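Peer 1: sequence and computational prediction follow.
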Amino acid sequence: ASCAKKKCQATQSQQVQTAAMSEAIISLGCSLGVLLAASLGYSLIQPNGGQCIKIHLVYFASAICLVAFLPTSIANHVFTELTVSLVGAMYPVYRATKAVCTPEEEDDKEWLQYWMLGGVLFMITTWVDDVIKQNSVDTIWLGSLLFLFYWLYFPLTCGALVVYENVTEPYLGPKLKPLQRKMNNVIISLQQMFSNAFHLYLVWIIFMFLPAGLKRIIAIAIGTIYPTICSISAVATEEIEDDTYWLTYWSVYGCLFLIMNVSEDFLGRIPGFYTLIIFTTIYLMLPMFRGAEKIFRKVLVPVAGLQELLMLRDAILIKKQTLKDLDPERAAVLQKSIAKFFDGSSSDSDPSVLKDELMQGWGKIQLPKIKLPFGKAEGGDEPTEKTNLV
């Protein structure tokens, strides 16, 4: 009897494991299917700027109906944290990485506008997930979050652009620029304070005794609040460099957020986990380290297979900088030398030959005439009159 009971328990346990595995496979398939649909929708549909109000109304009405009336057995597989992470973070990370690598500048601003609002949504999810305990409510919340993330970059709604043009640019931008300057001063003060090892150790001791949920909120707040303010200020300017800098940060931070989201259930209670997340975020964020750019170029770009596209963008930026810093004649000589070097099909591509060609033109440069207080003027003739110094 005991043997039969043990066999029955083993069979039941095996059935439970098989059912759990089947549920996980179905959920993964549903998440990948939603990601495929989202990516096809973004790639195939032409954007309209989000100007049609009817499309927004139809989109949200459809989203509400799906979230509210989709059968629970299907909704539990579709509206999951994995689906939200793939649509709200993973795919935008890829598109933002590609935007940074492309020579065009418009897509940089487009995806930076997305990440400004995406950062706010990441911050909101940190405490909503802790508040929601019921499975049915959690499914509704995840479904709403999924459609909200996709609304931000769906070509027919362009929600991030709509929010930027109607809220961020006219109202938030002018008010956040002074706040950004103040926060920059605060960050400089914190850097000076933390250069003292005692202050850093004291802050770490206090942080270690905080609850895990509060640590998570602090970690995500550090990674989203200041970058969101800086991103809003960057989009409001004509320069593209600051847009690219913060879009690069968001691309890498999005990956860090996904890693934290996946691993915190297993590692979140280990001392030092959120401390590591915070230090990594600071390394990515601060210009003194430029960590996001390093990881972006050495990890994200190779993984996405965009090395050649990034090289093309770098070459175009070098050309623009050359035309900006040099006079047209010298810029033409420099561009010709660079073209010969990259061609590599003749002896003219030898670096020493190119250097000699570049140096030959220096003798033709006319130096400005400088008048000295006395004596002979540099580059000019003898002074015609004598000057008496008293």
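Peer 2: Sure thing, it's come through. Not measured: the values here are computed from a predicted model. Numbers count the residues shown, from 1 in each chain.
Peer 1: name the nearest residue to the residue sitting nearest the centre point of the chain, sequence neighbours excluded.
Peer 2: Nearest to the mean C-alpha position of the chain, counting by Cα atoms, centre = their mean, stands residue 250 at 1.9 Å. Leaving aside its sequence neighbours, residue 250 sits nearest to residue 115 (Cβ to Cβ, 6 or more residues apart in numbering; 3.8 Å). Quick note: C-beta positions are derived from backbone N, CA and C, even for glycine.
Peer 1: ok so the residue nearest to the centre of the chain is a helix residue?
Peer 2: Yes. Judged by DSSP: H, G, I helix; E, B strand; the rest coil, residue 250 forms part of a helix.
Peer 1: quick check: the gap between it and residue 235.
Peer 2: 12 Å (Cβ to Cβ, to the nearest Å).
Peer 1: and for these two, which residues touch both?
Peer 2: residue 112 (Cβ atoms under 8 Å, 6 or more residues apart in numbering).
Peer 1: what about the strands in the stretch 251-390 of the chain?
Peer 2: Secondary structure of the stretch 251-390 of the chain, counting by DSSP state E, counting those that start in this stretch: no strands present.
Peer 1: and the helices in it?
Peer 2: For the stretch 251-390 of the chain, the helices defined by DSSP state H, counting those that start in this stretch cover 273-285, 291-295, 301-304, 307-325, 328-343, 351-360.
Peer 1: closest one to residue 156 among those helices?
Peer 2: Nearest to residue 156 among the helices of the stretch 251-390 of the chain is helix 301-304; the distance by Cβ to Cβ comes to 25.9 Å.
Peer 1: counting by contacts, list what the closest one packs against.
Peer 2: The contact analysis (3 or more Cβ pairs under 8 Å, 6 or more residues apart in numbering; DSSP states H and E) places helix 301-304 against helix 91-101.
Peer 1: enumerate every residue touching residue 86.
Peer 2: When contacts are counted by Cβ under 8 Å, 6+ apart, residue 86 touches 31, 32, 34, 35.
Peer 1: pull the most distant pair out of those.
Peer 2: For the contacts of residue 86, the farthest-apart pair by Cβ to Cβ is 32 and 34; their separation is 7.4 Å.
Peer 1: which one's more surrounded, the two?
Peer 2: Using other Cβ atoms under 10 Å as the criterion, residue 32 and residue 34 rank with residue 34 on top: 21 against 13.
Peer 1: going on from the stretch of helix or strand that one belongs to, what's the next piece of helix or strand?
Peer 2: Assigned by DSSP states H and E, residue 34 belongs to helix 2-44. Downstream of helix 2-44, the next assigned helix or strand under DSSP H and E is helix 53-69.
Peer 1: name the residues of that next one that are buried.
Peer 2: Across helix 53-69, burial judged by 16 or more other Cβ atoms under 10 Å covers 56, 59, 63, 66, 67.
Peer 1: kindly report the same for stretch 160-170.
Peer 2: Residues of stretch 160-170 classed as buried by neighbour count (16+ other Cβ under 10 Å): 160, 161, 162, 163, 164, 168.
Peer 1: now the residues you listed in a markdown table, with pLDDT and secondary structure?
Peer 2: Conversion of the buried residues of stretch 160-170 to a markdown table gives the following (pLDDT from 0 to 100; DSSP: H, G, I helix; E, B strand; the rest coil):
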| residue | pLDDT | secondary structure |
| --- | --- | --- |
| 160 | 93 | helix |
| 161 | 91 | helix |
| 162 | 93 | helix |
| 163 | 91 | helix |
| 164 | 88 | helix |
| 168 | 84 | helix |
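Peer 1: need the phi and psi values for residue 80.
Peer 2: When quoted as degrees, to the nearest 10, the phi and psi of residue 80 stand at phi -120, psi 170.
Peer 1: which one is it nearest to, not counting chain neighbours?
Peer 2: Residue 80's closest residue in space is residue 27 (Cβ to Cβ, 6+ apart), at 5.5 Å.
Peer 1: distance of that neighbour relative to residue 70?
Peer 2: According to Cβ to Cβ, residue 27 stands 14 Å off from residue 70.
Peer 1: now swap in residue 286 and tell me
Peer 2: According to Cβ to Cβ, residue 286 and residue 70 sit 44 Å apart.
Peer 1: cool, residue 229 as well?
Peer 2: 37 Å.
Peer 1: check residue 231 too.
Peer 2: 34 Å.
Peer 1: got any ranges where the stretch 151-300 of the chain has weak pLDDT?
Peer 2: 187-206 (pLDDT under 70).
Peer 1: can we see that at 50?
Peer 2: By pLDDT under 50, the low-scoring segments of the stretch 151-300 of the chain are 195.
Peer 1: related to what we said a few turns ago, so what's the residue nearest to residue 250 up against?
Peer 2: Residue 115 makes contacts with 92, 96, 231, 246, 247, 250, 254, as judged by Cβ under 8 Å, 6+ apart.
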